[in-house]
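> turn this into a model:
(one chain, ligands or ions: 1)
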Amino acid sequence: MLEFDALTKGFGDKKVLRGLSFQVRPGELYGFCGANGAGKTTAMRIALGMLAADTGEVRFEGRPVDSAGRRLIGYMPEERGLYGKMRPRDQLVYFARLSGMGAREAKARADEWIERLGVKMGPKDVLDKLSLGNQQKELIAALIHRPGVLILDEPFSGLDPVASDAMAQALTEFTRDGVPVVFSSHQLDLVERLCDRVGIVRDGALVAEGTVEELRGRTTRRLEIALEGAPAGWASAVAGTRVVEARHNRYTLEVEEQVPVREILSAAQTHGDIVHFAWRESSLTEIFREAVTA
Ligand SMILES: Nc1ncnc2c1ncn2[C@@H]1O[C@H](COP(=O)(O)OP(=O)(O)OP(=O)(O)O)[C@@H](O)[C@H]1O
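Below you'll find the model as predicted:
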């Protein structure tokens, strides 16, 4: 288990983390989400020992993560700790050997990951010459030493859909081996599809956490209604609801908990012919918006 426990961190007068706590269980894929500047990178940097927390700590398997523990962590800092002038394959082999892997195994694993993640390069290309996406692929490939925990800052940014699938597959494989994996991302559709649990951070503290299903259950219900022949704006007058989307004759309403759905149904019926009337599942993007603006 990887535990972020009551982390606080300030830069000058600015409080960036305000008691951030969450846990990533063995074999769990945890999506770490939050608006720009919410403190995600700062928290990850603390876990990786690149920054010190003001208070609080990060523990792995019950022990505070120290420099020895950090060797178990596979990570992907935003500023890449890679050597731009080195050939990617050599770099992979180097990383693998640093963690104690034999030369032959390191080379074999490097080739396997390059192939799997579809890193396109000529035999002489150095890392600086690869496109951003390829560099990202290179980074996940730098995890060939089978880390005991993975902490990844925006591993999917800049990846094309095929590379993204390959990355997702790789992360899932780590979790299958029992590795706790946490990654930050603004790609909420992908987080929704992949993650076992999601944490949403706002101003340096967690404001929502759970499976997407659990978060959905705590989010305002949404009803989608299409009416023929209704006057424009009819939906705005329905008590206890708020129109969040109106396109042609189709409306999406947020419906307060206490409002009986039959009241909305009868309001709709008095205004026009119902073409569609159904609850709609909130997407993680909608859940996120509600969590960070409420
Ligand atoms: N070294 C620093 N000195 C001063 N302020 C900093 C420093 N590092 C981060 N900050 C500030 O801390 C806040 C949180 O930044 P952080 O990078 O952790 O956010 P984030 O959630 O990762 O954002 P994003 O989604 O944009 O990457 C920001 O306002 C940022 O400007």
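
> which residues in the stretch 1-150 of the chain form helices?
40-47, 67-70, 88-98, 103-116, 132-141 (DSSP state H, counting those that start in this stretch).

> keeping just the C-alphas, turn the shortest one into CSV.
Once non-C-alpha atoms are left out, helix 67-70 reads as follows in CSV (Å, rounded to 0.1, in the frame of the first residue of the first chain):
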residue,chain,number,x,y,z
SER,A,67,16.1,6.9,-0.3
ALA,A,68,16.3,3.1,-0.2
GLY,A,69,12.5,2.8,-0.6
ARG,A,70,12.6,5.2,-3.5
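
> mind checking how far it is from the chain centre?
Distance of helix 67-70 from the chain centroid (C-alpha atoms, centre = their mean, to the nearest Å) equals 24 Å.

> and it, what does it pack onto?
Helix 67-70 makes packing contacts with no helix or strand when contacts are defined by 3 or more C-beta pairs under 8 Å, 6 or more residues apart in numbering; DSSP states H and E. To be clear about C-beta, it is placed using only N, CA and C from the backbone, and glycine gets the same treatment.

> contacts for that helix, please.
Contact with helix 67-70 is made by Leu48, Gly49, Phe60, Arg63, as judged by C-beta atoms under 8 Å, 6 or more residues apart in numbering.

> give the contact list for the nearest residue to Ile73 once chain neighbours are set aside.
Distances taken as C-beta to C-beta, 6 or more residues apart in numbering place Val149 nearest to Ile73, at 5.3 Å, with adjacent residues excluded. Shown in contact with Val149 (C-beta under 8 Å, 6+ apart): Leu2, Val24, Phe60, Leu72, Ile73, Gly74, Val179, Pro180, Val181.

> most neighbours out of those residues, which is it?
Within the contacts of Val149, Val181 tops the neighbour count with 27 neighbours, counted by other C-beta atoms under 10 Å.

> partner residues bridging it?
Leu29, Leu150 (DSSP bridges).

> dump the residue contacts of it.
Taking C-beta under 8 Å, 6+ apart, one finds Val24, Glu28, Leu29, Tyr30, Val149, Leu150, Leu152, Leu171, Phe174, Thr175 in contact with Val181.

> near the ligand, which residues of the protein show up?
The chain comes close to the ligand at residues Phe11, Val16, Gly34, Asn36, Gly37, Ala38, Gly39, Lys40, Thr41, Thr42, as judged by C-beta under 6 Å from any ligand atom.
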